[in-house]
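Enquirer: here is a sequence with its predicted model. Questions after.
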Amino acid sequence: NNTLIQFYWENSDENNDTLTSSFELFNDSSFTNVYHQNLSMSEQAYKIYYNVSVQEESTFYWRTKANDSEFNSSLSNENLFTIDTTLPTSFNLVLPANNTESTDTSPELAWLPTTETNLQNYTVEFCDSRDCSNISVKGTISDLSFTNWSTSGALAEGDHFWQIRATDKANNQN
């Protein structure tokens with residue numbers, strides 16, 4: 001979820017020739033829509049760090065090319081990454097209803113799903129206080145279409161508060 005991206009790659013040359021590199025960043029997987037490029041990076045070392053500021057949320061594709069002084073070149077593997085700075089959307093808890101009193105220590109929990117393209121998981125958290133500063137039971141659900149959970153007897157008698165945390169692949173949470 002950071003928009004300043006540091007790229008790193010290593011090159012080698014069996015003859016220790018002087019190398020130059022090029023860097024290409026694309027908005028599409030067919031490598032036709034150039035977002036950023038630097039086609040003549042001189043190298044003193046074979047390890048390269050290169051920073052690019054990316055100003056939008058999207059999936060990006062990048063590659064590098066190394067050229068030696070004998071005009072031999074090689075293209076790197078194609079790589080991809082996704083920029084995501086947006087929190088998962090808010091969602092509503094459905095079951096049990098707020099302020100429900102029950103003797104059931106295994107209540108079924110249900111919630112309406114979040115709208116999040118890059119959702120990684122939901123975390124179910126039971127707390128001893130309304131602010132959930134002390135989480136007593138925690139479970140993670142990786143099935144992204146899953147919007148309910150059974151506690152399987154995990155709760156002791158007493159008051160419990162619960163919340164669901166949606167986390168996306170960039171670790172944005174709601």
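Expert: Nice, thanks for sending it over. All values reported here derive from a predicted model rather than from experimental measurement. Numbering: from 1, shown residues only.
Enquirer: gap between the residue of the chain most remote from its centre and Y46?
Expert: Relative to the C-alpha centroid of the chain, counting by C-alpha atoms, centre = their mean, E70 is the outermost residue, at 41.0 Å. Applying C-beta to C-beta, to the nearest Å, the value for E70 to Y46 is 16 Å. For every residue, glycine as well, the C-beta is placed using N, CA and C.
Enquirer: can you check T86 too?
Expert: 38 Å.
Enquirer: what does Y8 give?
Expert: Applying C-beta to C-beta to Y8 and Y46 gives a distance of 12 Å.
Enquirer: buried sites along the longest strand along the chain?
Expert: Of all segments of type strand in the chain, defined using DSSP state E, the longest is strand 58-68. Of all the residues in strand 58-68, those buried under the rule 16 or more other C-beta atoms under 10 Å are 60-68.
Enquirer: strands paired with it, and their directions?
Expert: strand 19-26 (antiparallel), strand 73-75 (antiparallel), strand 79-83 (antiparallel) (DSSP bridges).
Enquirer: can you list contacts of that strand?
Expert: By C-beta atoms under 8 Å, 6 or more residues apart in numbering, the residues outside strand 58-68 that reach it are 7, 9, 11, 13, 15, 17-29, 31, 35, 48, 54, 73-83.
Enquirer: swap in stretch 82-102?
Expert: By C-beta under 8 Å, 6+ apart, stretch 82-102 touches 1-3, 5, 54, 56-60, 107-119, 148, 162-164, 166-170, 172-174.
Enquirer: buried only: go through those residues for me.
Expert: Here, 16+ other C-beta under 10 Å leaves 5, 54, 60, 107, 109, 111, 113-114, 116, 118-119, 162, 164, 166-168, 170, 172 buried among those.
Enquirer: most tightly surrounded among the strands paired with strand 58-68?
Expert: Mean neighbour count (mean count of other C-beta atoms under 10 Å) peaks for strand 19-26 among those, with a mean of 19.
Enquirer: hmm, back to that, D17 is in contact with the residue farthest from the centre of the chain, correct?
Expert: Yes: counting by C-beta atoms under 8 Å, E70 touches D17, with 6.2 Å between them.
Enquirer: the nearest residue to D17 once chain neighbours are set aside pairs with what?
Expert: Nearest in space to D17, with sequence neighbours left out and distances taken as C-beta to C-beta, 6 or more residues apart in numbering, is D68 at 3.9 Å. With beta bridges defined as DSSP bridges, D68 has these partners: L19.
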